[in-house]
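Enquirer: sequence unavailable; structure follows:
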C-alpha cells in the first residue's frame, strides 16, 4: 500500500519520492505514514544523499483528506480519527490514546528528524497540512502554477502540523498572522518574495531542476551537509552560547573524517610556494 501512495525513483544519489493520492494528493493518514517510512529507509541508506518530494497529481498536497471522514464523526474524538487514519492506535498506550499531546505532531517530529537534505518540488497547490509539509523541507522550489494557503482558518479550524512554529520563522510574525488569519492564496512569485520558496521555475522543468539541485548538494561530503542541517535546525531555539556548544563537538568529529583531512591537505599544498 505504501508503495502505491509514495513512489520511489533513484537518480544516482538522489531519491525522488512522488506523492500519489488521487485525485488531489490529500494528506491522508496512510500517505503521511508512507512518506515517513520512505524517509526512514532513505535515512538508513548511505547511498542516498538527498531526497526530492514531487507529486503525481495536479496538486502537490492539499492537506487533510476529508474522504477519511466519509463514515461519519459521531461519537469520535479528533484523536480517535487520527489514530484510525494512521493505524497507530495499537502502538499507543492508554494515556497517549485518551490524552494525546501531539496528535499529528508525532509525525511532524519524525519528518523534522530526517537529517539529510529534503527538497520540495511544488507544482500546483500546497494547502493546510500540505503547506506545513512543504515548510518541513529544507528547500522549496516551485513552478509558476504553485499556490499556497493555510486553509485551516477558512473552515474554522486552528493551525496544526507545526504551522504556528514554522510559518513565523519563514515569513516573520506579521506575514504569518496575515497568512493564517486570512487563509488567502499566495501564488508563486509572491511566495518567492515572502521566502516561502527559494526559486520559481517553469512547470515543465521543475522536477529536473530540483533533482539537479539535489545532485549538486550530493557532490559535497555528506557528513558536513548533514551536520549543517542539524545545526541550522537547532539554531531556531538556541541561544548563541548553546549553539556554539552544539557546533564544536560536530566540528571535532568532522575534522577526523578522511574527506575533511584530505581537503585540508590539498588546500595546504596549493598554498605552499
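Expert: All right, it came through fine. It should be emphasised that the depicted structure is a prediction, and the values quoted were computed from it without experimental measurement. Numbering: from 1, shown residues only.

Enquirer: please make it C-alpha for all contacts and neighbour counts, starting now.
Expert: Will do.

Enquirer: and residue 130, that one's in a strand?
Expert: No - the assignment for residue 130, made by DSSP: H, G, I helix; E, B strand; the rest coil, is helix rather than a strand.

Enquirer: wouldn't it be in contact with residue 63 here?
Expert: Yes - using C-alpha atoms under 8 Å as the test, residue 130 is close enough to residue 63 to be in contact (4.3 Å).

Enquirer: shared neighbours, those two?
Expert: When C-alpha atoms under 8 Å, 6 or more residues apart in numbering defines a contact, the residues bordering residue 130 and residue 63 alike are 26, 27.

Enquirer: gap between residue 156 and residue 199?
Expert: Distance of residue 156 to residue 199, computed by C-alpha to C-alpha, to the nearest Å: 32 Å.

Enquirer: helix or strand next in line after the one helix or strand residue 30 maps to, which one?
Expert: Applying DSSP states H and E as the criterion places residue 30 in helix 29-44. Of the helices and strands lying after helix 29-44 in sequence (DSSP H and E), the nearest is strand 50-55.

Enquirer: got the buried residues for that next one?
Expert: 50, 51, 52, 53, 54, 55 (16 or more other C-alpha atoms under 10 Å).

Enquirer: swap in stretch 29-42?
Expert: Of the residues in stretch 29-42, those buried under the neighbour-count criterion (16+ other C-alpha under 10 Å) are 29, 30, 31, 32, 33, 34, 35, 36, 37, 38, 39, 42.

Enquirer: please tell me how far residue 139 sits from residue 53.
Expert: With distances taken as C-alpha to C-alpha, residue 139 is found 11 Å from residue 53.

Enquirer: which residues do the two both contact?
Expert: Contact with both residue 139 and residue 53 is made by residues 118, 119, 120, according to C-alpha under 8 Å, 6+ apart.

Enquirer: need phi/psi at the first one.
Expert: The phi and psi values for residue 118, taken as degrees, to the nearest 10, are phi -120, psi 120.

Enquirer: and it, what does it touch?
Expert: Going by C-alpha under 8 Å, 6+ apart, residue 118 touches 50, 51, 52, 53, 137, 138, 139.

Enquirer: looking at the buried residues of strand 50-55, which one is closest to residue 264?
Expert: Here the nearest of those to residue 264, counting by C-alpha to C-alpha, is residue 50; it sits at 24.7 Å.

Enquirer: if I read this right, the closest one contacts residue 15, doesn't it?
Expert: Yes - proximity of residue 50 to residue 15 meets the contact threshold set by C-alpha under 8 Å, at 6.4 Å.

Enquirer: correct me, but residue 15 touches residue 48?
Expert: Yes - under the contact definition of C-alpha under 8 Å, residue 15 touches residue 48, with a separation of 6.4 Å.

Enquirer: who has more neighbours out of the two?
Expert: The residue with more neighbours, out of residue 15 and residue 48 and counting by other C-alpha atoms under 10 Å, is residue 15; that gives 24 against 20.

Enquirer: bridging across strands, which residues link to that one?
Expert: Partner residues in beta bridges with residue 15, using DSSP bridges, are residue 10, residue 51.

Enquirer: if I look at it, what pLDDT would I see?
Expert: For residue 15, the model assigns a pLDDT of 98.

Enquirer: and if you look at residue 87?
Expert: The predicted local confidence for residue 87 comes out at a pLDDT of 65.

Enquirer: any idea which element residue 18 lies in?
Expert: Counting by DSSP H and E, residue 18 is found in strand 14-19.

Enquirer: just checking, what packs against that strand?
Expert: In terms of contacts (3 or more C-alpha pairs under 8 Å, 6 or more residues apart in numbering; DSSP states H and E), strand 14-19 is packed against strand 6-11, helix 29-44, strand 50-55, helix 206-218.

Enquirer: and the first one, what does it pack against?
Expert: The elements that strand 6-11 packs onto, with contact taken as 3+ C-alpha pairs under 8 Å, 6+ apart, are strand 14-19, helix 29-44.

Enquirer: if you set the cut-off to 7 Å instead, what comes out?
Expert: Packing contacts for strand 6-11, counted by 3 or more C-alpha pairs under 7 Å, 6 or more residues apart in numbering; DSSP states H and E, involve strand 14-19.
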